[in-house]
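# Need a 3D model of the following:
(one chain, ligands or ions: 1)
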Amino acid sequence: MPNTVFVLNGPNLNLLGLREPAVYGSTTLADVERQAKAAGSRLGLEVDFRQTNHEGVLVDWIHEARETAAGIVINPGAYTHTSIALHDAIKAVALPVIELHISNVFARESFRHHSYVSPAASGVMCGFGTYGYTLALEALANIVATRNATSSS
Ligand code: DQA
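Got it, this is the predicted structure:
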């Protein structure tokens, strides 16, 4: 079992820290990457942290994870609310996937209340700011450890 996990970020998250700071805070994506890698090393996970503004690239990375990763944390950004392709890609790879949102999407506009990703994900985390990345990695580490223990017994 690889101990690499992918942390994938979708559109506009490259602007974290600059973009709507009242909603998303002032932490940049580079800060989040540092925090995620530090959390990963505490949890015994190698974090491969990526961001793209393109839906198909997220699909390709999910497929890539199938061969090389133990699981995925994904903040799909607005593709959460639109992308059947992401739903299908997550279903196609038999990996634990945690869906993550920095903001509490349920306290925002109604178009953010529906997710195509949630029905395919192992779990969903939202509303804890960028600390959610650490929480999601802890949840993923727990799922991976439980799976490894079950498959080796
Ligand atoms: C987001 C929530 C989405 O609704 C939004 O489109 C984003 C960011 C979040 O992290 O809170 O781009 O995924």
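# what's the offset of the helix-or-strand element of the chain with minimal mean pLDDT from the middle of its chain?
Ranked by mean pLDDT, DSSP states H and E, the helix or strand of the chain with the weakest confidence is helix 21-24, at a mean of 88. Relative to the centre of its chain, helix 21-24 is centred 19 Å away, using C-alpha atoms, centre = their mean, to the nearest Å.
# Quick one: check that helix for contact with the ligand.
No - counting by C-beta under 6 Å from any ligand atom, the ligand is not contacted by helix 21-24; separation bottoms out at 6.6 Å. Where you see a C-beta, it was placed from the backbone N, CA and C, and this is true even at glycine.
# Quick check: mean pLDDT of the lengthiest helix in the chain?
Of all segments of type helix in the chain, defined using DSSP state H, the longest is helix 131-151. Averaging pLDDT along helix 131-151 gives 93.
# So for stretch 26-42, what gets flagged as buried?
Within stretch 26-42, the residues scored as buried using 16 or more other C-beta atoms under 10 Å are Thr27, Leu29, Val32, Glu33, Gln35, Ala36, Lys37, Ala39, Gly40.
# how about the CA coordinates for that stretch, as PDB?
Extracted in PDB, the C-alpha atoms of stretch 26-42 (Å, rounded to 0.1, in the frame of the first residue of the first chain):
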ATOM      1  CA  SER A  26      -6.200  35.300   4.500                       C
ATOM      2  CA  THR A  27      -4.200  32.000   4.400                       C
ATOM      3  CA  THR A  28      -2.600  31.400   1.000                       C
ATOM      4  CA  LEU A  29      -2.600  28.100  -0.900                       C
ATOM      5  CA  ALA A  30       1.200  27.900  -0.300                       C
ATOM      6  CA  ASP A  31       0.500  28.200   3.500                       C
ATOM      7  CA  VAL A  32      -2.100  25.400   3.200                       C
ATOM      8  CA  GLU A  33       0.300  23.200   1.400                       C
ATOM      9  CA  ARG A  34       2.900  23.600   4.100                       C
ATOM     10  CA  GLN A  35       0.300  22.900   6.800                       C
ATOM     11  CA  ALA A  36      -1.000  19.800   4.900                       C
ATOM     12  CA  LYS A  37       2.600  18.400   4.400                       C
ATOM     13  CA  ALA A  38       3.300  19.000   8.100                       C
ATOM     14  CA  ALA A  39       0.100  17.200   9.100                       C
ATOM     15  CA  GLY A  40       0.900  14.400   6.600                       C
ATOM     16  CA  SER A  41       4.300  13.800   8.200                       C
ATOM     17  CA  ARG A  42       2.800  13.600  11.700                       C
END
